[in-house]
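Q: Pasted the sequence and its predicted model underneath.
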Amino acid sequence: MTPDNCTMHFNFIIVGFSNFPSLQMYFILFFFLSYMTTLMANLFLITLITFSTLLVTPMYFFLCNLAFLDITYTSVTSPRLICVFIMAFSTMSHLECTIQYTFFVAFTSVEYFLLTVMSYDRYMAVCRPLHYHMVLNKRFCRLASFIIWLSGFIFSIPISVTTSQNVYCSSNVINHFFCDIAVLLELSSTNTASTQNIILFEGALFLTTCFLPTVVSYVFIINTVSKIKSLSGKHKAFSTCASHLITVILFYSVIFTLYMMPRASLTQNQRKLISVLFSIVIPMLNPLVYSLRNKDVMRAFRMVKRHSTLF
């Protein structure tokens, strides 16, 4: 059916997890608690970093950015997902869908760049500690943060513009819990080659400018740590990178599984579950990983707690 002689759909129906009716109440409880935990944990981390005199290094400046990103990232999908469960299905206009996937792509792009800069921060801290504060000064951190957030939204514009021009005739049912680009391209009745080419181009760009530099940074870090003679020294050096490394592994593992593997290798339900991990669970776990595995954060928390008990 060509776009010229079809009945176009101007609204989308988000299926969510309605094919599991017996689990709806458990889903609602899980996603609501996950969203609240993400908000409170990341807001707490931002507040602690902002007001603690112990957490003034570049690492915590970028960690504060990551915490804010996790809040905005999960807020793109979680509130709508909760509505999907409550209402059994959810109707979204073409404009609402466009706004949702625009922000989703933007925040995903921001995370690429942010994790890369954080890996550079860890490289400087472990491999070139004498130059750490000279290179990663306040000006560098603020400029890098501005460029990261601006670049994320710039990279989302081409995909958003081309996808918003698609026409949907055959079906308007999105078998997902948000407006995922991959699903929208499958539903489109128009040629999606331009959007797919942009996605491939940006994917290659992220691979060369984000993933590879991150891998190279950790190759240098591991090489430097291996040269440290004392076991305690090795543990101390690598412990400063462990939290970031966990976040990087989780992020890229999910990205590769969702968008690099052939679509036939996973069922739609499997893709939805992995997307839940990516957009809801990881933002909830990030502040816990960085807090529980970080002695400085725990020390700052104890100082705040001790100070509060005096009043």
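A: In hand now; what should we look at?
Q: Remind me what the lengthiest helix in the chain packs against, helices and strands.
A: Taking DSSP state H as the criterion, the chain has its longest helix at helix 94-127. Using 3 or more CB pairs under 8 Å, 6 or more residues apart in numbering; DSSP states H and E as the contact test, the elements touching helix 94-127 are strand 11-14, helix 58-87, helix 132-135, helix 138-164, helix 181-187, helix 193-206, helix 212-226, helix 231-255. To be clear about C-beta, it is placed using only N, CA and C from the backbone, and glycine gets the same treatment.
Q: angle of the second one against helix 138-164?
A: Pointing back at helix 58-87 there. Interaxial angle, helix 58-87 versus helix 138-164 (axes from the mean of the first three to the mean of the last three CA atoms, to 10 degrees): 30 degrees.
Q: quick one on the thing from earlier: give me the mean pLDDT for the longest helix of the chain.
A: For helix 94-127, the mean pLDDT works out to 93.
Q: for it, which positions count as buried?
A: Neighbour counts using 16 or more other CB atoms under 10 Å place 94, 97-127 of helix 94-127 among the buried residues.
Q: picking that back up, want to try TSV for the helices and strands packed on helix 94-127, with mean pLDDT and mean neighbour count as columns?
A: Listed next are the helices and strands packed on helix 94-127 as TSV, based on pLDDT from 0 to 100; neighbours: other CB atoms under 10 Å:
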stretch	mean pLDDT	mean neighbour count
strand 11-14	84	19
helix 58-87	89	21
helix 132-135	91	13
helix 138-164	93	16
helix 181-187	85	18
helix 193-206	89	15
helix 212-226	92	16
helix 231-255	84	16
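Q: Would you agree residue 282 is in contact with residue 254?
A: Yes: counting by CB atoms under 8 Å, residue 282 does reach residue 254; the two are 7.3 Å apart.
Q: quick one: residue 222 from residue 32, how far?
A: As defined by CB to CB, to the nearest Å, residue 222 lies at a distance of 40 Å from residue 32.
Q: now residue 299
A: 32 Å.
Q: quick one, which of these two is more surrounded?
A: Set residue 299 next to residue 32 and count neighbours by other CB atoms under 10 Å: residue 32 wins out with 16 against 13.
Q: other SSEs contacting the strand or helix carrying the more buried one?
A: Here residue 32, judged by DSSP states H and E, is contained in helix 24-51. Helix 24-51 is packed against helix 58-87, helix 282-292, helix 295-309, with contacts defined by 3+ CB pairs under 8 Å, 6+ apart.
Q: how far does that helix sit from the chain's center?
A: Offset of helix 24-51 from its chain centre (CA atoms, centre = their mean, to the nearest Å): 15 Å.
Q: Buried residues, it. List them.
A: Buried residues in helix 24-51, counted by 16+ other CB under 10 Å: 24, 27, 31-32, 34-35, 37-39, 41-42, 45-46, 48-49.
Q: how much does it deviate in direction from helix 282-292?
A: Relative orientation of helix 24-51 versus helix 282-292 (the same axes, to 10 degrees): 40 degrees.
Q: For helix 24-51, give the mean pLDDT please.
A: Here the average pLDDT along helix 24-51 is 90.
Q: oh, and call the first residue 33 from now on, that's how I've got it
A: New numbering, starting at 33: the last item is helix 56-83.
Q: Great, nothing more from me.
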